[in-house]
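> Return a 3D structure for these sequence lines:
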Amino acid sequence: MRRWAETASDVAATTRTSEKVARLGAYLRALDDASLRVACVFLTGRPFPASDPRTVGTGWAAVQAAVERAAEVGPGAFGAAYDRSSDPGRATHELLVQRDARRVARGEGGGGGVEHGPRARAGGLEAGGIEPGGGVAGPGADNQPRGGVAGPGAGNQPRGADAGSEADNQPRGADAGPEADNQPGGPGPGPTLPEVQAAFAEMVAARRPAARIDRLVALLDRLDPLGAMYVVKVLSGDLRIGLRGGLLEAAIAAAFGRPLEDVQRAMMASGDVGEVAVLAREDRLAEARPALFRPLLPMLASPAGDAAEIADRLGPPLWAEDKYDGIRAQLHKLGSDVRIFSRDLHDITGQFPEVADAARAMPWDGILDGELLAMEEGRILPFARLQNRLGRTAPGPEVLAAVPAGYVVFDAIALSEGEPAPRDVRSLSVAGSVSREVRPLLGLPLAERRTRLESLALPDRIILGRLEHPVSAVELDAAFDAARSRGNEGLVVKDPASGYTPGRRGLAWLKLKKALATLDCVVVGVEVGHGKRHGVLSDYTFAVRDDRPGREGQLVTVGKAYSGLTDREIAEMTRWFEAHTLRRMGRYRLVEPTVVVEVAFDRVQPSARHASGFAMRFPRIARLRPDKQPSEADSLSAVAALAR
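Down below sits the predicted model:
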């Protein structure tokens, strides 16, 4: 794990894409198969492969308790360190470095070992801990607090610094070798990558939260601060090392001398980056294929500005499908075995038993892509109704009766029914065996996949998505308005010749969404941002005027947004909000209610979360309104009218 953490820090320390790929490729090339599988999975910011349904179950409270025990500090120390960095991994590093320094001062020696020399500063982390930020960065400073530490994320490197200079003095991953975690010169033999993943598996198996915390403490005690930092980052799902845009796939291709296109194709088919890395080493990428009950990342649509842009880009014929306001889900079926997976690949079958029961009766097997919706007698209900089902792992009869769910299917990833698949399409594996009937359809054009879907016998609770064929931008706009009138978000317009590319956001699918309206709101609270926006106040809570009898003049919250403003605007407003803070509550501040912002959103729905009784869906700040006074903000009655 130590060598993996060093390599991750090296990758974070350079902004050059080619250097990131080269460093990762050299590291991956030297690993044995078991370590290679785990290393690649960890580089995606996950403890297990994306298709593995296990979750470690270590939320904020568990990580906080474990780190504070390992660091020998009192309650609240982890939260205070987190407030200085907005990064749980860096907070962990800070506390463990300080612990080891105290131990050395007492003559006891470090626990996992005190980091010395250049490696102690890997990724911009100083051995003495992380200094608190001292003010607000200007618009040209990547939003880092002045005097603070850039941190391990490439996006957090201060401008003007030589990102690669320190990395040039770091040990490289090229000489890692399969036993890299036991190399001399460190604090002693630390856990190997498979051992760390095994520890994660023990946390999954632990039934009590206290037992999971104990196992995490035991793991942290075996790691140096840098390794512990990245263990927490993996558990939190946010590495922040600038590894985006298929760079891991490029590194696998570079490591084993395979064409990048072959690696990408295998990733789309398999969905397991560790398996793909091993197949690349063995020159067996062509063998990668989907497997039943191992979900794939869904194909994504890119946003389009307007109907004219879509018509120009895709041209006739246009395939326009309603964009449903539900939960993207993948349905896998083999005989009576049915499982439903969310877009983040979690098994949610138990949350929607009526959909699974309906699917069991279907006379075919395969993998479908679609949307879970609140649905009653074939009629789609508002998303607000479906929200009452979310988070319930096993809804009772009352909930099932009050909020019935259904499934709208709009694509097929694999099917057993219909015309024989092309000869070069392989059958799917199922839990280590092979089904000769279920064939993947990823490479087939959408038009053919749709024909296969339309030939299926579907039960009442599973329906085919609506499809129209507008021939111009004018007709596309009309189709959009009709979709909105049906209670849907908008349209997804697709190229009928496109294949299905899991996890990719290309130009073959374009989504058309328009703001329902905009409202002028008053900012009443702000919060410190995360990642690149750590150190600035970028998350705004806003309110409208209450015009109900007896409550006139009060402000009631209606939403929260963190997107829409430029870095320069956020920096300028941060300085203003800092000077006009009424009360601090950790990361959140109550501010003088004098700033008016224009907020765009897709819809308004009832909500108990806000004092207004309503919440905006997908709010984003359209612009600042310095020309308006709070008394000119929109009223609660205007919000209520939009919710009807």
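
> What residues of stretch 69-77 count as buried?
Within stretch 69-77, the residues scored as buried using 16 or more other Cβ atoms under 10 Å are 70, 71, 73, 77. Bear in mind the C-beta positions are built from the backbone N, C-alpha and C, glycine included.

> May I have the secondary structure class of the residue nearest to the first one when sequence neighbours are not counted?
Counting by Cβ to Cβ, 6 or more residues apart in numbering, residue 220 is the residue found nearest to residue 70 once chain neighbours are left out, at 4.1 Å. Using DSSP: H, G, I helix; E, B strand; the rest coil, the secondary structure recorded for residue 220 is helix.

> Could you do residue 269 as well?
Once three-state DSSP is applied, residue 269 turns out helix.

> Can you give me every residue that contacts it?
By Cβ atoms under 8 Å, 6 or more residues apart in numbering, the residues touching residue 269 are 288, 289, 290, 440, 442, 502.

> How far does stretch 386-400 stretch from one end to the other?
Start and end residues of stretch 386-400 are separated by 11 Å (Cα to Cα, to the nearest Å).

> Same question for it: list its buried residues.
386, 387, 389, 395.

> Contacts only, for the third one.
Going back to what we said before, that points to residue 389. 351, 352, 374, 395, 399, 403, 405.

> Tell me the spacing between it and residue 210.
For residue 389, the distance to residue 210 equals 30 Å [Cβ to Cβ, to the nearest Å].

> Can you pull out the low-pLDDT segments for the stretch 401-550 of the chain?
Residues of the stretch 401-550 of the chain meeting the criterion pLDDT under 70: 417-437.

> Helices of that one, residue ranges please.
Secondary structure of the stretch 401-550 of the chain (DSSP state H, counting those that start in this stretch): helices located at 446-454, 473-485.

> returning to that earlier point: just the ones of the buried residues of stretch 69-77 in helices?
Of the positions in those, 70, 71, 77 sit in helices, assigned by DSSP state H.

> Is residue 260 in contact with residue 247, as I believe?
No - when contacts are counted by Cβ atoms under 8 Å, residue 260 is not listed as touching residue 247 (10.7 Å).

> Comparing these two, which residue is more hemmed in?
A direct count of neighbours by other Cβ atoms under 10 Å for residue 260 and residue 247 places residue 247 higher, at 18 against 14.

> What separation do you get for that one and residue 558?
Distance of residue 247 to residue 558, given as Cβ to Cβ: 40 Å.

> same question, residue 81
Separation of residue 81 from residue 558 (Cβ to Cβ): 33 Å.

> Helix or strand for residue 96, just tell me which one.
helix 88-105 (DSSP states H and E).

> Show me what that helix is packed up against.
helix 60-71, helix 77-85, helix 225-236 (3 or more Cβ pairs under 8 Å, 6 or more residues apart in numbering; DSSP states H and E).

> relative to helix 77-85, how tilted is that helix?
Going by axes from the mean of the first three to the mean of the last three Cα atoms, to 10 degrees, helix 88-105 is angled at 120 degrees with respect to helix 77-85.

> on that earlier part again, number of residues surrounding the residue nearest to residue 70?
25.

> Let me know whether it touches residue 67 as I believe.
Yes - between residue 220 and residue 67 there is a contact under Cβ under 8 Å: 6.9 Å.

> Could you tell me which residues touch both of those two?
Common neighbours of residue 220 and residue 67 (Cβ under 8 Å, 6+ apart) are 92, 96, 228.

> Thanks a lot, catch you later.
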